[in-house]
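>>> Task: produce atomic coordinates for the following.
(one chain, ligands or ions: 2)
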Amino acid sequence: MAVYTQLSANTLAQLIAQYDVGALVFAKGIAEGISNSNWLVETTGRAGKSARFILTMYERRIALDDLPFFLDLLDHLAAHDCPVPRTIHDRDGASYRMLDSKAVALIEFLPGISVDEPTPAQARNVGAVLARMHEAAKGFGSTRANDLGPEVSARVLAECGEAALSQINPALPALIDHAQRIADGWPMGLPSSVIHSDLFPDNVLMLDDEVSGLIDFYFACTDAMAYDLAVTHAAWAFSADGARYYSDVGSALVEGYESVRPLTAEERSAMPLLAQGASMRFISSRAFDWLDTPADAMVTRKDPMDFVRRLEFYRRQGQTAFA
Ligand SMILES: Nc1ncnc2c1ncn2[C@@H]1O[C@H](COP(=O)(O)OP(=O)(O)O)[C@@H](O)[C@H]1O
Ligand SMILES: N[C@@H](CCOP(=O)(O)O)C(=O)O
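Ligands and ions are numbered 1, 2, ... in the order given. Sure, this is the predicted structure:
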């Protein structure tokens, strides 16, 4: 579920009235998502034609200071022909507003659905759009440090502690040292831009094989572009539990990326380690969330072992995973 806050019809209507988008027709809570409350909003629109939007209330995890970075990034990328939703600014020009003590933003609604089992054709297009996004983001004026880099993964796992990790799965404590080794060998100085860093299939909207929207930029940061490709590879080219690698999907993703932005030799040789770091990033956040979420909570906990299997795959396969 992902509507943590109930808003009355009156409150919603008053909020929508702060934007030049017509009057509220309906607002429906969206079940998908974990971090924020989201509503699909329909209004009477401006030229007698109804219009749809996503209203997001930022509930947790997102620092208010980071919101201008995320919301301005959407506008920058949309203005550079990337399929991302624009931020709707209110009548005073603000990209977000405060409702009680929480920030809310109105975002353009994009059509499309998220695929559960991506095909190679879909992966190729996602790769190409990711590379276009990286190129377009080079001109974005702001930067944001990656606060979930390899050192942080290692620290988060260490802070979870061996005893707690072994309660999730006995294989996890051994990863504390492995995470630190990845961090120690992390390649520095790779070409960077603003990256999405969480481009899972549920953050991509598709119409048939075409990408109609990249959404959920709330982990976006300035970091190595090849790392973003590694995250996307780990997210797209495996069965959900990480037990099966789909080489046709993985190859198509990288081919699509390189059709727009070829990797440098240095980036290519770094891919196996970047993919291990990407796997570790989701192992550590999932392990932390697992221990932080009561077993009877309404949010479904994500299993860190899904990414332990990916990590083992990348360690075993090395460069051949990206051949
Ligand atoms: N701009 C958009 N256009 C269409 N649907 C969207 C848009 N933004 C979000 N959604 C829908 O809302 C759901 C949750 O959004 P998301 O940003 O992923 O939430 P969370 O950050 O809580 O994970 C998505 O799975 C998608 O169905
Ligand atoms: N993609 C991450 C979870 C991030 O949550 P999101 O709902 O904000 O996309 C994972 O699979 O662990």
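>>> Could you check how far residue 304 is from ligand 2?
9 Å (CB to the nearest ligand atom, to the nearest Å). (Each C-beta comes from the backbone N, C-alpha and C, glycine too.)
>>> So the protein: which segments form each domain?
Per automatic domain parsing, the domain ranges recorded for the chain read 9-108, 120-322.
>>> Pick the most buried one from those domains.
Mean neighbour count (mean count of other CB atoms under 10 Å) peaks for domain 120-322 among those, with a mean of 19.
>>> how far is that one from where the chain is centred?
Distance of domain 120-322 from the chain centroid (CA atoms, centre = their mean, to the nearest Å) equals 10 Å.
>>> what mean pLDDT does it have?
The average pLDDT for domain 120-322 rounds to 96.
>>> how far does it stretch from start to finish?
Taking CA to CA, to the nearest Å, the first and last residues of domain 120-322 lie 15 Å apart.
>>> what sits against the residue nearest to residue 261 when sequence neighbours are not counted?
Distance criterion CB to CB, 6 or more residues apart in numbering; nearest residue to residue 261, sequence neighbours excluded, is residue 131 at 3.9 Å. Shown in contact with residue 131 (CB atoms under 8 Å, 6 or more residues apart in numbering): 225, 256-261.
>>> what's the answer for residue 199, then?
Counting by CB under 8 Å, 6+ apart, residue 199 makes contact with 126, 130, 214, 228, 231-232, 235.
>>> With residue 151 instead?
183, 186.
>>> Surely it is in a helix?
Yes: per DSSP: H, G, I helix; E, B strand; the rest coil, residue 151 lies within a helix segment.
>>> ok, so what distance separates residue 8 from residue 230?
Going from residue 8 to residue 230 by CB to CB, to the nearest Å gives 44 Å.
>>> Just the ones of the contacts of residue 199 in strands?
residue 214 (DSSP state E).
>>> and of the contacts of residue 199, the nearest to ligand 2?
Comparing the contacts of residue 199 against ligand 2 with CB to the nearest ligand atom places residue 235 closest, at 7.0 Å.
>>> Quick check: residues of the stretch 1-150 of the chain near ligand 2?
Counting by CB under 6 Å from any ligand atom, the stretch 1-150 of the chain comes close to ligand 2 at 33-35.
>>> what is the mean pLDDT for stretch 40-51?
92.
>>> can you tell if it touches ligand 1?
No: using CB under 6 Å from any ligand atom, stretch 40-51 stays clear of ligand 1, with a minimum separation of 7.2 Å.
>>> Next, the distance between the ends of that stretch.
11 Å.
>>> Name the nearest residue to residue 256, ignoring sequence neighbours.
That would be residue 127: by CB to CB, 6+ apart, it lies 2.9 Å from residue 256.
>>> Can you tell me how far that neighbour is from ligand 2?
Applying CB to the nearest ligand atom to residue 127 and ligand 2 gives a distance of 18 Å.
>>> now residue 302
5 Å.
>>> same question, residue 319
Taking CB to the nearest ligand atom, one finds residue 319 at 25 Å from ligand 2.
>>> Same check on residue 37?
Look at residue 37 and ligand 2: by CB to the nearest ligand atom, they are 12 Å apart.
>>> just to revisit the earlier point, tell me the one among the residues of the stretch 1-150 of the chain next to ligand 2 nearest to residue 103.
residue 35 (12.7 Å; CB to CB).
>>> hang on, that closest one packs against residue 59?
Yes: the pair formed by residue 35 and residue 59 meets the contact definition of CB atoms under 8 Å, at 6.6 Å.
>>> which bits of the stretch 101-250 of the chain sit near ligand 1?
Within the stretch 101-250 of the chain, the positions adjacent to ligand 1 are 107-110, 202-203, 213, 215-216, 218 by CB under 6 Å from any ligand atom.
>>> Sort out which of these are in strands and list them.
107-108, 213.
>>> quick one: which helix or strand includes the residue nearest to residue 322 when sequence neighbours are not counted?
Closest residue in space to residue 322, ignoring its immediate chain neighbours: residue 271 at 4.6 Å, by CB to CB, 6+ apart. In this structure, residue 271 sits in helix 265-292 according to DSSP states H and E.
>>> quick one: contacts of stretch 246-260?
For stretch 246-260, the external contacting residues (CB under 8 Å, 6+ apart) are 118-121, 123-128, 130-132, 135, 229, 232-233, 236-239, 263, 321-323.
>>> All set, thanks.
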